[in-house]
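J.: got a predicted model here, sequence first, then my questions.
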Amino acid sequence: MIQVENLKKSFKQSENSIDILKNLNLEVKKGQKVGILGQSGSGKSTFLSLMSGLDTPDTGEIRINGVNTTKLSEKEWTQFRAKNISIVFQQYHLVGHLTAVENVMLPLEILGHSAKDAHEKAISLLGEVGLKDRSNHLPHQLSGGESQRVAIARALITTPNLLLADEPSGNLDQETGMKVMNLFFDITSKFNTTTLLVTHNEQLASRCDVVYKLSQGRFEKL
Amino acid sequence: MIIKLALKELATKWKWSLIFVCNLAFGFIGFTTVLSFQNAIEQNAKANSKQILSADLAISARKKIPESEIQKTEDYLSKKNIKYSKTKVTEFFAMISQGDRSHLVLVKAVDNLYPLYGEIILTQSKIKRDSTKAIFNSPTIWAYSELKGILGLEIGSTIKLGNLDLKVDDFITKDSTQTFRLASLAPRIFIDSTWLEKSKLIQFGSTFTEAYLYQFDMDTAATIQKDLFAIINDPAIQIDTPTTASEDSARQLGFLTDFLNLVALVAILLAGLGASYLYQVFARKKTKDFAIFKTLGLEYSSLLKIYILQLFVLSLLVCIFSYFGSIAFIPFLQWIISSLVTQELNVHVPLYVVGLTLVLTFIASLIVVGPYIQTLNRIPPGVLFKEEQTQIFSPSKNFLTFLAALCLMGFLTLILTKSVMMTTAFIGSIAGLAVLFFAVGNGIIFALGKLPIQFWVYKYAIRSLQRRKSTSLVLFSTIGTAILLLNLLPQLKHSLKNEFLTGGNTQLPSLFLFDIQDEQIDPLRGIVKQNNKEISQLSPIVRSRIIRINDVPYERKVDFNTFKTREEERDARFRNRGVNLTYRDQLSSSETLVAGMPLSEYKGEIPGLSLEEKYADRMGIKLGDTIEFDIQGVDIKGKVVNFRKIKWASFQPNFFISFGSGVLDDAPKTSIGIVNGLNDAEVASIISQVSKALPNVSIIDVRQLIRDLLKVSDQMTLSLELMAYLSLITGFIVLISLISIQLQDRRWEINLFKVLGSPAHSINTNLLFEYGTVVLFSVFLGISFSFLMSYLTLKYTFDSEYSFNLRDSFYISAAVIALALGIIQYMTSIYLRKRSNEILKDSL
């Protein structure tokens, strides 16, 4: 499903070049959940940027469903991402002026589905995350936990081949975070979604099928 | 610590600070510039006040001043041991002709002591007091240079003035008594006063002004003026000092600077609106800092000091920016205004204007910012942490800010224009427009939300407009107001031009004839008839002065208060002058009865009077009041039986006060009348024939007068348009600031759309549609409101017909829409080009 080979990424700082990712290799099977642990500044976000096509590697290849994404143009990446990849962010990133249901509908509408179809699916997914009765609320009317559940529903509405999750419970208190992550694991299992979960939390990572630690630019299997 | 914290925050958020400063600075550039101009005009008038009056004191009247009044003055001066020089000047309108060409001129009959101050610069010499130059004691004249072109005069040409044949001795290039070139109705000529009697131009009932000019050996004109007001009771006799003369002189351009000030104030309001929104964004972001400071134990008073210091620094920067902006802007306005002013104006930004701008910017900032800081203080720190992304400022705060800003605007308008009427109209219009913009804007946004649009690009753009309503409405009102202002001027100009050139529903006369003696009426009719035309609306004109109203003696109103509103000044001018009466039973085509009964139906014992409604209002006269007039020593009493409305732009013979037929038949009088429907050749022919046969009859070529007036009004409009463009630029700066801050605020949203797989062009269309909708509707509303406002202004202020100027409106709309969409597209593309991986960083 996913093959990452010799992925390298460095950034220039003043006159020095800092290698963030050094010869990174990874293989993920369909439906597998991969936990990636790492300290702040270890390159977790850079890795997610490369996986989602928001940034380009210096060298190396990323294959998703057999497509070498490093060869895609920006336009091709946009289409590829819309159909294959979803992201759940630590800070939810809901569109502030759209209601919960509109936020969830958005990815389908971007893909060209009719508003009616998108609405039906969004309501159904909001039901799955327990927020059917909050579907017409604006983000600022939702709690942190509710916002993240809306973000998860939004991420899953296109039934993506790959779900990238960046510390989904990082902004939540322990109890709410636990509830949201339970839901996250349940629903991704139900949809059999291939997931890359980036987190600081070892306990959370341990619930994944495989766990890697990103340290000094390389993956170390735990 | 407070200073460090305050300055460090501004430095860190330098982009925001710069946008805030630019936004307000542009609003203040116009204000600083106009105040600098006003200052230059007043300083110029003050510096040249003695030259403008050409005396230390002038006693004048639009009639012959009785010897007794002059004797009283001179007795007073002797009693006070004040030595003086005296000269007499007589001014009147007359026709001069050379060959077949004739033109109306203002004749100034002077002696060799004139001018007591200042000078008359001729092409070959300068004339000062005690001149022994040519015109004195010789049949010669000095003429304004424009008569060269009008009559084809040269030095040595002979002109006819009444019964006299006079030679042109020289042309005048500069006359220190003329300060502003507002209309060249009648260029001046100077003759020796000894020729006045021989010309036989001033006859019984003729219009003329007589002035006695005094030069004293000490600087006590103000005291003398005060004492003379008590000695000379006749309100028709004016007593002027250099100060009052310079104020009068500056007032001639006062209306232009008043309107320029109003446009400048609108720019400040627009900038304030933008600044208010910018600060809301800033305050929303700094709620967390505020909470941190509070939890760290910093007291509210200390926090307040930080924000006040920041505002002061920002105001100082605004002041500096607007100072330099004004320096750059002044030459443009000076270039336009210089054609209206004869004197060289030394325009610079005076220190008091800089100080005033600083104070005003600071107060404006406090008004804009105050409610937000107060709101922050009332929210406990815990809530601040939670509510970072929520709406913590209620709309009522915006309303309060607007109300406070309106009060400040009202105060400023009153100070700048000194007109209660103008202030009321201006503030009323602003408040009314704000309500209209917000109400209609709300309605449009609501209606857009009801549209069955399914495509997400457009649907979510509309949702954004709906759910970010305050931002949408601020943008809406800002652009709309700027457009309104910009389109208002061409609309007014077009309609007034149309009215002036065609007369609207009333036909404009070709010629306006005045100073017609009774025995000249028939010969005049004969001349006009030779050209197959008639003199129409021939109206008698009887000079008089009011001596009693409701049996109470009517005396001069003297008020030595330094601050007088324009209305008080105008009322005082109205009171302190003689009145021209007429008599007729029927209304003219330019008059409408608005109250009371027609004079023809009135059967009372006391003769009936008809008054122009605004005149009656200014004089405080009501229906049924009695007014007693002194007509050449005979007292006549009348009772007010009706009020009339007059369309002054019709150029028909109209009067403030009219008796019924028969009452004044035996009073000494002259007549005025009009001739309609002449072509240019007929105009020239009649003027020439009348000037030769009846030299004392004065004639105004109405079309030429209108052409001259329009030239002046074009210059004035141009300067107003320049200010309006400055307001539009301010509007654009606000637009750029708001969109830039919004896009910065929404950049993660743009990134999110990208991450969710939206192509860049869809995001671009989404944003362009959202802001484009605001621009399109605000332009449409601004244009519509400008039509409405110009219609109301013309109807109620100028009492004029309205005619649409769609062409200019179309150009203005197209230019503004293109420019605004260009700005939006450019700014959107900047944000679209940015990498979207920032969304994964915590810093967001």
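T.: Yes, it's here.

J.: show me the contacts for the residue in chain B that chain A sits nearest to.
T.: Of all residues in chain B, B:G757 sits closest to chain A, at 2.2 Å by CB to the nearest CB. C-beta: built from backbone N, CA, C; applies to glycine. Residues near B:G757 by CB atoms under 8 Å, 6 or more residues apart in numbering or on different chains: A:T78, A:Q79, A:R81, A:A82, A:K83, A:P107, A:I110, A:L111.

J.: can you tell me how far the fifth one is from chain B?
T.: Going back to what we said before, that points to A:K83. To chain B, A:K83 is 7 Å away according to CB to the nearest CB, to the nearest Å.

J.: and the next element down the chain from the helix or strand that residue falls within?
T.: Using DSSP states H and E, A:K83 sits in helix A:74-84. Following the chain from helix A:74-84 toward its C-terminal end, the next helix or strand by DSSP H and E is strand A:85-88.

J.: burial check on the closest residue to A:D55 other than its chain neighbours, number of neighbours?
T.: Sequence neighbours aside, A:S49 is the residue nearest to A:D55 in space, at 3.9 Å (criterion: CB to CB, 6 or more residues apart in numbering or on different chains). Neighbours of A:S49 under the rule other CB atoms under 10 Å in any protein chain shown: 24.

J.: now render the contacts of B:G757 as TSV, adding pLDDT and neighbour count.
T.: Putting the contacts of B:G757 into TSV (pLDDT from 0 to 100; neighbours: other CB atoms under 10 Å in any protein chain shown) gives the following:
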residue	pLDDT	neighbour count
A:T78	81	20
A:Q79	83	14
A:R81	86	25
A:A82	84	22
A:K83	86	14
A:P107	87	26
A:I110	85	21
A:L111	85	17
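
J.: just those now: which is nearest A:E146?
T.: Of all the contacts of B:G757, A:E146 sits closest to A:P107, with 18.9 Å by CB to CB.

J.: what's the spacing between the helix or strand that contains the closest one and its chain's center?
T.: Per DSSP H and E, A:P107 falls inside helix A:100-110. Helix A:100-110 sits 16 Å away from the centroid of its parent chain (CA atoms, centre = their mean, to the nearest Å).

J.: enumerate the positions of the helix or strand where B:L832 lies that are buried.
T.: Using DSSP H and E, B:L832 sits within helix B:806-833. Residues B:808-809, B:812-813, B:816-817, B:820, B:823-824, B:827-828, B:831-832 are the ones in helix B:806-833 that count as buried (16 or more other CB atoms under 10 Å in any protein chain shown).

J.: how about the contacts made by residue 107?
T.: Using chain A here. Neighbouring residues of A:P107 by CB under 8 Å, 6+ apart: A:A82, A:S86, A:R154, A:I157, A:T158, B:L756, B:G757.

J.: chain B was what I was after
T.: Listed by CB under 8 Å, 6+ apart, the contact set of B:V107 reads B:T90, B:E91, B:F92, B:F93, B:A94, B:L161, B:R188, B:I189, B:F190, B:I191, B:L201.

J.: again with B:V435
T.: B:V435 neighbours (CB under 8 Å, 6+ apart): none.

J.: give me the three-state assignment for B:A58.
T.: Recorded secondary structure, B:A58: strand (DSSP: H, G, I helix; E, B strand; the rest coil).

J.: tell me what it is bridged to.
T.: Beta-bridge partners for B:A58, by DSSP bridges, are B:L213, B:D240.

J.: neighbours of the spatially closest residue to B:T626 that is not a sequence neighbour, how many?
T.: Sequence neighbours aside, B:K639 is the residue nearest to B:T626 in space, at 5.2 Å (criterion: CB to CB, 6+ apart). When neighbours are counted by other CB under 10 Å, B:K639 registers 16.

J.: helix or strand: which one has B:K639?
T.: Following DSSP H and E, one finds B:K639 within strand B:634-646.

J.: mind listing what's buried in that strand?
T.: For strand B:634-646, by 16+ other CB under 10 Å, it's B:I636, B:G638, B:K639, B:V640, B:V641, B:N642, B:F643, B:R644, B:I646.

J.: chain B contacts on chain A?
T.: Taking CB under 8 Å from any CB of the partner chain as the criterion, chain A approaches chain B at residues A:45, A:48-49, A:52, A:54-55, A:75, A:78-79, A:81-83, A:87, A:89-91, A:93, A:95-98, A:102, A:105-107, A:109-111, A:114-115, A:138-140, A:154, A:166.

J.: in stretch B:335-347, which residues are buried?
T.: B:I336, B:I337, B:L340, B:V341, B:Q343, B:L345, B:V347.

J.: repeat that for stretch B:467-479.
T.: B:R467, B:R468, B:K469, B:T471, B:S472, B:L473, B:V474, B:L475, B:F476, B:S477, B:T478, B:I479.
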